[in-house]
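> below are the sequence and a predicted model; questions follow.
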Amino acid sequence: MLSRVAENIYWMARYLERAENTARLVSVTGTLLLDQPSVGRTQGWNRLVTITGGNEAFAVIGAPPGEEGVTRFLLSDTNNPSSLFSSVEYARENLRTMRDIFPVKMWEWLNDMTLFLKEQGNHGVEAAYRHDFLNEVIGRCQTLVGILVGTLSRGPAFDFFSMGQHMERADMCTRILDVDVTAVKFHDGMDLLWLNLLRSVSGEAMYRRYVNPRVTGVDVVSFLLRDRRFPRAFAYCLREVERCLDTLDHNALAIQLLKRMEREVDGQTIPALIENGPGAFMDELQQELQKLHEIVDATYF
Amino acid sequence: MSMPWSSYPFTTAHDELLAPEYQPRVGAEGLFRYLSSLGLEELLARQRAAEATILNLGITFTVYSQGDNIDRAWPFDIIPRLIPFKEWQTVERGLIQRLTALNHFIGDIYAEQRIIREGVFPGDLLAMSRNFRPQCVGIKPAFGVWAHICGSDLIRDRDGRILVLEDNLRVPSGVSYMLENRQITKRVFPELFGTQRILPVDDYPARLYDTLAALAPPGRDPPRVVVLTPGIYNSAYFEHVYLAQRMGLELVEGRDLLVDVDNRVMMKTISGLQQVDVIYRRVDDMFLDPEAFHPDSQLGVPGLMRAWRAGRVALVNAPGAGVADDKVVYAHVPEMIRFYLGEEPILSNVQTWKCHLEEERRYVLEHLDELVVKPANESGGYGMLIGPMASAQEREEMAARILADPRNYIAQPMISLSTVPTLTESGMLEPRHVDLRPFILQAKESAVTAGGLTRVALRKGSLVVNSSQGGGSKDTWIVATEE
């Protein structure tokens, strides 16, 4: 496979995953903040900008803080390169050059999704329509992934897609854990916030079934970081990236780094991690993911 | 509703389906009966079905500067254009003869230039050619073939004769639409394929692959063949993707390739560099290699000409083949056929007067109000005079230009394109003008597509068949007739 094509596939996967994650985050946050006193809401919305790593772009664009400014920035702002709209647009531009590689349906659906976002993108900003709009976006993202899982031959195209998807997902996992766990200290209703964490990765049901019917901080953090069965947990994502790398030549450096990250995650004492604030550790994981990306980039692209 | 043949508004042009007494032409009887049995209403319903199929299959062509909506659905008319097999056999031989002579000419021009020394082709015309590439002098490509893929434009005049209008020897496009048109027609008129003997066209990708593979440098077996595209903004990008996919080849861009110190062309892949043997390039000469041509080209591969000259890679068509893709050269093709092959041309050119010959120049100057005058080295209609539509002043200006630089001008009569019944937007059946672009392959062996791409000017009276200017296309059937 051409290096340029592999790189395009990898980024297309990251953009699509980013779009889906953004939709989940905004949806869950919107629901959660309805239970908060209104003074806390603006702060709650603003935190989403931090989670998605958008503080700088937010300042440059000069978007107003609070619900409307933040949702517009995250969902429909064409000036924000990480917004839901921009992510889907980039994914489509990437796919345009690779239509010969993917199932025909993939292009039809992605094309249709950009049209949908152009027509209804503003519904994400209006609270009354937001829930339905974001559900639709998430469903469409899942359809796209479903097309690939169901009809794309297992080979380099699938592996580079999966690699990009799980790198992005792992990154998002560390960002969710970073901000929210810190925030828990300043609020009552801790359980609600742990629940929010689970819901933002659609993990509530799986957690209750496989881990603990009761929601506790230690179990939730452990689940999100270390679970190897739940597809949006950090450790699961690392394993999947490793599986993809296993199919490729010259993978030693990348796999070495993956193993080290896995050991670091397993070596953490979760209660202490919560007690001290997980920020520093999450920063470390994010930097390691960035390093992993650089290795993949230098080796294959 | 029955088929309203009796109100079919014939023009002065030759109609390919109907003879003037509203009777089908030879070979078209089956299609005529079938269309009549469907009736206009059903025909319109099938036209809509075809259009829906085109949208679903994503058959598009690309239009520049339309914002982000750069893909447009391919305009298609479901009534096929028919050519009897017997007539086609002659056309086929004529096309191969023509391309063979053209390849002799290109090889000769980049070597001893016998045709110039023997006074058959004027050397000073060559000096003016924009498509002559000094970088190609002395190269001997495999089988002596430079233009491996040629798209020649054919027209049928008022008398029903098939004539060659031009030969596209650089990067001719359209063949993917020929293949897609057939797929659509099979879906829309499945009944007809059961009763008619229509030559299949679907072997083109396989034949193209054989042609490409035959050109690999010796000892590279199986050869690695790739398709080189300028990228998604090229108007023929759909076709590049389509052909790469149908042949199972990588579709590469210039940035995917590099030329190493041993003059090998390497492709950057996830498992490292891989050597490339044959490049079906859909990039123009001038953008192929910034080392040899435009230094600022982003589309090309630095060193590609070096690799080609060293015989490490085959480029298809060969650089410099475009020297024969020029109006003055066109006018000399009949002489070329006689000179190189010792044969009489099977297919005629459109009558062409060469202004560098005194007698022909005098005729042109006396008949400017009837003729179309074209500068030799311009394309896209630039600098052209359409005599019957020009003002007296425009004609005088042209006369002055011809006298100042006679070698740069040729003249042709106003051409007439034949017509085929076509469904109009208002749901009527009317004659629309068509041309035909068959594709000729040449390496060790030669092959011609069964038919080609029929382009149709969808606007009433228009002779412009170009898809960017209101042109569409039709499926082309070569039909066996009962003798």
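Done, it's in. Residues are numbered from 1 along each chain as shown, chains lettered A, B, ... in the order given.

> A helix includes residue B:433, no?
No - counting by DSSP: H, G, I helix; E, B strand; the rest coil, one finds residue B:433 to be strand, located in no helix.

> may I ask which helix or strand of chain B has the lowest mean pLDDT?
One helix or strand of chain B scores below all others by mean pLDDT, DSSP states H and E: strand B:60-62, with a mean of 68.

> three-state assignment of the nearest residue to residue A:247 once chain neighbours are set aside?
In space, residue A:247 comes closest to residue A:159 once its chain neighbours are excluded; the distance is 5.3 Å by C-beta to C-beta, 6 or more residues apart in numbering or on different chains. (Glycine included, C-beta is placed from N, CA and C.) Under three-state DSSP, the three-state class of residue A:159 is helix.

> in contact with residue A:159: list those residues for me.
A:244, A:247-248 (C-beta atoms under 8 Å, 6 or more residues apart in numbering or on different chains).

> residues of chain A that sit close to chain B?
A:1-4, A:6, A:96-97, A:99-100, A:104, A:107-108, A:156, A:160, A:248-250, A:300 (C-beta under 8 Å from any C-beta of the partner chain).

> give me that answer again for 6 Å
Within chain A, the positions adjacent to chain B are A:1-4, A:6, A:96-97, A:100, A:249, A:300 by C-beta under 6 Å from any C-beta of the partner chain.

> so which of the contacts of residue A:159 is the most crowded?
Within these, neighbour counts (other C-beta atoms under 10 Å in any protein chain shown) peak at residue A:244, which reaches 24 neighbours.

> host element of that one?
helix A:234-246 (DSSP states H and E).

> repeat for residue B:120
Short version, using DSSP H and E: residue B:120 is in no helix or strand.

> next up, the contacts around it.
When contacts are counted by C-beta atoms under 6 Å, 6 or more residues apart in numbering or on different chains, residue B:120 touches B:335, B:339.

> phi, psi of it?
When read as degrees, to the nearest 10, the backbone of residue B:120 gives phi -90, psi -30.

> show the pLDDT at it.
As predicted, residue B:120 sits at a pLDDT of 93.

> and the angle for the longest helix along chain A with helix A:234-246?
Using DSSP state H, we find that the single longest helix of chain A is helix A:3-33. Put simply, helix A:3-33 runs at 170 degrees to helix A:234-246, going by axes from the mean of the first three to the mean of the last three C-alpha atoms, to 10 degrees.

> tell me which element the residue nearest to residue A:17 when sequence neighbours are not counted is part of?
Leaving aside its sequence neighbours, residue A:17 sits nearest to residue A:168 (C-beta to C-beta, 6+ apart; 4.0 Å). Taking DSSP H and E as the criterion, residue A:168 maps to helix A:156-184.

> got the angle between whichever helix or strand comes after that helix and helix A:156-184?
Per DSSP H and E, the first helix or strand lying C-terminal to helix A:156-184 is helix A:190-199. Relative orientation of helix A:190-199 and helix A:156-184, computed by the same axes, to 10 degrees: 170 degrees.

> what residues sit buried inside the longest helix seen in chain B?
Taking DSSP H as the criterion, chain B has its longest helix at helix B:29-57. Within helix B:29-57, the residues scored as buried using 16 or more other C-beta atoms under 10 Å in any protein chain shown are B:30-32, B:35, B:38, B:40, B:43-44, B:46-47, B:50-51, B:53-54.

> and residue B:147, how many neighbours does it have?
Count around residue B:147 with other C-beta under 10 Å applied: 26.

> same question, residue B:76
The number of residues packed near residue B:76 is 22, by other C-beta under 10 Å.

> pLDDT score for it?
Note on residue B:76: pLDDT of 94.

> quick check: mean pLDDT across the longest helix of chain A?
Averaged across helix A:3-33, pLDDT comes to 93.

> stretch A:263-275 too?
What stretch A:263-275 shows for mean pLDDT is 93.

> buried set for that stretch?
Here stretch A:263-275 shows A:265, A:270, A:273-274 as buried, counting by 16+ other C-beta under 10 Å.

> then stretch B:402-412?
B:402, B:406-412.

> how close does residue B:201 get to chain A?
The gap separating residue B:201 from chain A is 21 Å, by C-beta to the nearest C-beta, to the nearest Å.

> for that residue, helix, strand, or coil?
Applying three-state DSSP: residue B:201 is coil.

> which residues touch it?
Counted by C-beta under 6 Å, 6+ apart, residue B:201 has contacts B:182, B:450.

> quick one, phi/psi of it?
The phi and psi values for residue B:201, taken as degrees, to the nearest 10, are phi -120, psi -10.

> please apply the same query to residue B:129.
phi -70, psi 130.

> can you check the one 3 residues further on too?
With angles defined as degrees, to the nearest 10, residue B:132 sits at phi -80, psi 130.

> what about it, distance to residue B:295?
Distance, residue B:132 to residue B:295, using C-beta to C-beta, to the nearest Å: 20 Å.

> how about residue B:334?
Residue B:334 is 39 Å from residue B:295, by C-beta to C-beta.

> out of these two, which sits in the busier spot?
Neighbours per residue, other C-beta under 10 Å: of residue B:334 and residue B:295, the larger number sits with residue B:334, 18 against 10.

> who's in contact with the more buried one?
Residue B:334 neighbours (C-beta under 6 Å, 6+ apart): residue B:345.

> on that earlier part again, just the buried residues of stretch B:402-412: which are in helices?
residue B:402.

> show me the two of the buried residues of stretch B:402-412 that sit farthest apart.
Spanning the widest gap among these are B:407 and B:412, at 16.7 Å by C-beta to C-beta.

> which other helices and strands contact the helix or strand encompassing residue A:259?
Element membership for residue A:259 (DSSP H and E) is helix A:252-267. Judged by 3 or more C-beta pairs under 6 Å, 6 or more residues apart in numbering or on different chains; DSSP states H and E, the packing partners of helix A:252-267 are helix A:234-246, helix A:279-300.

> what is the following helix or strand past it packed up against?
Using DSSP H and E, the helix or strand that directly follows helix A:252-267 along the chain is helix A:270-276. Applying 3+ C-beta pairs under 6 Å, 6+ apart, one finds that helix A:270-276 contacts helix A:217-226.

> gap between the helix it packs on and the chain center?
Its chain's C-alpha centre and that of helix A:217-226 lie 17 Å apart, by C-alpha atoms, centre = their mean, to the nearest Å.

> so which elements touch it?
Right, helix A:217-226 is packed against helix A:190-199, helix A:270-276 by 3+ C-beta pairs under 6 Å, 6+ apart.

> if you set the cut-off to 8 Å instead, what comes out?
helix A:156-184, helix A:190-199, helix A:204-210, helix A:234-246, helix A:252-267, helix A:270-276 (3 or more C-beta pairs under 8 Å, 6 or more residues apart in numbering or on different chains; DSSP states H and E).

> who in chain B is up against chain A?
Checking chain B against chain A by C-beta under 8 Å from any C-beta, the hits are B:58, B:231-232, B:241, B:244-245, B:250-253, B:255-256, B:267-272.

> mind checking which of the residues you listed are buried?
If we count by 16+ other C-beta under 10 Å, the residues of chain B next to chain A have these buried: B:232, B:241, B:244-245, B:250-253, B:256, B:267-270.

> of those residues, which one scores lowest on pLDDT?
The minimum pLDDT among these falls on residue B:232, with 84.

> touching, it and residue A:98? I think so.
No - the pair residue B:232 / residue A:98 is not scored as a contact, 10.0 Å apart, by C-beta atoms under 8 Å.

> got a list of what the closest residue to chain B within the stretch 151-300 of chain A touches?
Relative to chain B, the nearest point of the stretch 151-300 of chain A is residue A:300 (4.7 Å; C-beta to the nearest C-beta). Applying C-beta under 8 Å, 6+ apart to residue A:300 gives the contacts A:3, A:6-7, A:160, A:248, A:250, B:270.
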